[in-house]
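Peer 1: Kindly generate the corresponding structure for this input.
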Amino acid sequence: MRLARRHAQSVVASLDGTTTRNQAECFRGWIIYARREDFPPARDDEYYWVDLIGCTVLNREGMHLGTVSGLLDNGAQAVLQLHTADPGKHHERLIPFVDAYIVEVDLAARRIVADWLPEYD
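Peer 2: Predicted coordinates:
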């Protein structure tokens, strides 16, 4: 790959050996994978979504809110998708990944602390 940039909800890329638009159209819809070790280092207070997946999320009181199963981008902000395993019920909890709600992210400990109560669901 020679060049790539984000465009709306996809990536536009220039691939080696592809010189015409017709050749490039053959790749429309393909999924491009990158190895995690090839990512550049994240800046302070920035996180790759893949690194957040699997983190345990607790609130300030230490209550387990769930485990990050994915993230959503609603255009204004990223949103943590949490899988919860409360006794007797399984549901998804959504928490905006913004400073107003995220208190701490400790990737080494695989833990996120959020200013969030279960009643907010």
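Peer 1: Quick check, central residue of the protein?
Peer 2: In the chain, the residue lying closest to the centroid (Cα atoms, centre = their mean) is Trp49, at 2.9 Å.
Peer 1: Show me this structure divided up by domain.
Peer 2: 3-33, 49-120 (automatic domain parsing).
Peer 1: Tell me the buried residues in stretch 93-101?
Peer 2: 93, 95-97 (16 or more other Cβ atoms under 10 Å). Placement of C-beta: from N, CA and C, glycine included.
Peer 1: For stretch 57-73, list the C-alpha coordinates in PDB.
Peer 2: Provided in PDB are the C-alpha atoms of stretch 57-73 (Å, rounded to 0.1, in the frame of the first residue of the first chain):
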ATOM      1  CA  VAL A  57     -15.000  -1.300  33.500                       C
ATOM      2  CA  LEU A  58     -15.700  -0.300  37.100                       C
ATOM      3  CA  ASN A  59     -17.400   2.700  38.400                       C
ATOM      4  CA  ARG A  60     -15.900   5.100  41.100                       C
ATOM      5  CA  GLU A  61     -17.400   2.900  43.800                       C
ATOM      6  CA  GLY A  62     -15.700  -0.200  42.500                       C
ATOM      7  CA  MET A  63     -18.900  -1.800  41.100                       C
ATOM      8  CA  HIS A  64     -18.300  -3.900  38.000                       C
ATOM      9  CA  LEU A  65     -20.200  -2.400  35.100                       C
ATOM     10  CA  GLY A  66     -19.100  -4.900  32.400                       C
ATOM     11  CA  THR A  67     -16.300  -5.800  29.900                       C
ATOM     12  CA  VAL A  68     -15.700  -3.800  26.800                       C
ATOM     13  CA  SER A  69     -16.900  -5.900  23.900                       C
ATOM     14  CA  GLY A  70     -16.600  -3.200  21.200                       C
ATOM     15  CA  LEU A  71     -16.900   0.500  20.500                       C
ATOM     16  CA  LEU A  72     -19.200   2.600  18.400                       C
ATOM     17  CA  ASP A  73     -18.600   5.900  16.700                       C
END
